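Trainee: Structure for the following, please:
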Amino acid sequence: MKKTLTIITIALLAILTLATTVNAAKLEVSKTDVKAGDEVSVTLSLDKESHSLEFELKYDAELFEYKGYTAPEGWTMVVGTKTAGLVLVSGVNPTTAADKMTITFTAKKDGAAKFTASDLVTEEDTEGKMEELAVKEVEVKVEQKDVAPEPETETTTPATTAKAGTTTPKKTNNPKTGDNVVVYAGLAVVAIVAVAAVAKKYAK
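Mentor: Sure, this is the predicted structure:
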């Protein structure tokens, strides 16, 4: 009898577990390695479509900046971003179900940071019961943006041009000292000859 009760209890627990267990949700990113300035899409995907979705997404506000979200078509969304590093998401559509929600960020500087989803609830069964969902945590690495090297520039010295009406003085060569001595010696000889001639004339 006790064995039978034990089996029944286990079966009931299994049924209750299945009734309250929701298909696992996956937190995915468009890129796990990015550069500063790149956009990163963080998507919460459900294994089963739902008419409502609520969750919190935590991120590193030092490395990423919130840019916006992509909601399922026709959904009414409320997205709160007043607190740095936290995005609060709530959406519903009574007629159209959806299985994903995407939030976009921009990488700011190099480093590594995690995106973490929590407090996730969604529609689980035909009774509209809201159930918590298990989610994953994903990490994204950011590298510094490449800086293009500056092109090398050649420097040229501008040519000097003479203005109109001006002349460029020419360089003149000064006579050498030896040439001056020869000239002066020649003049001295001529002077001596002339004096001798005059003296001879008056001596007669």
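Trainee: All the helices of this protein, residue numbers only.
Mentor: Along the chain, counting by DSSP state H, helices occupy 2-20, 177-203.
Trainee: model confidence over the longest one, on average?
Mentor: It stands for helix 177-203. Taken as a whole, helix 177-203 has an average pLDDT of 52.
Trainee: And stretch 79-89, by the same measure?
Mentor: For stretch 79-89, the per-residue pLDDT averages 95.
Trainee: now do stretch 152-161
Mentor: 64.
Trainee: The nearest residue to Lys31 once chain neighbours are set aside bridge partners, please.
Mentor: Distances taken as Cβ to Cβ, 6 or more residues apart in numbering put Val40 closest to Lys31, at 5.8 Å, once the chain neighbours are dropped. For the C-beta atoms, the positions are set from N, CA and C on the backbone; glycine is no exception. Counting by DSSP bridges, Val40 is bridged to Phe105.
Trainee: and the closest residue to Lys136 other than its chain neighbours, what is it in contact with?
Mentor: Of all residues not flanking Lys136 in the chain, Leu27 sits nearest, at 4.5 Å (Cβ to Cβ, 6+ apart). The contact partners of Leu27, by Cβ atoms under 8 Å, 6 or more residues apart in numbering, come to Val42, Thr43, Leu44, Ser45, Phe115, Thr116, Ala117, Val135, Lys136, Glu137, Val138.
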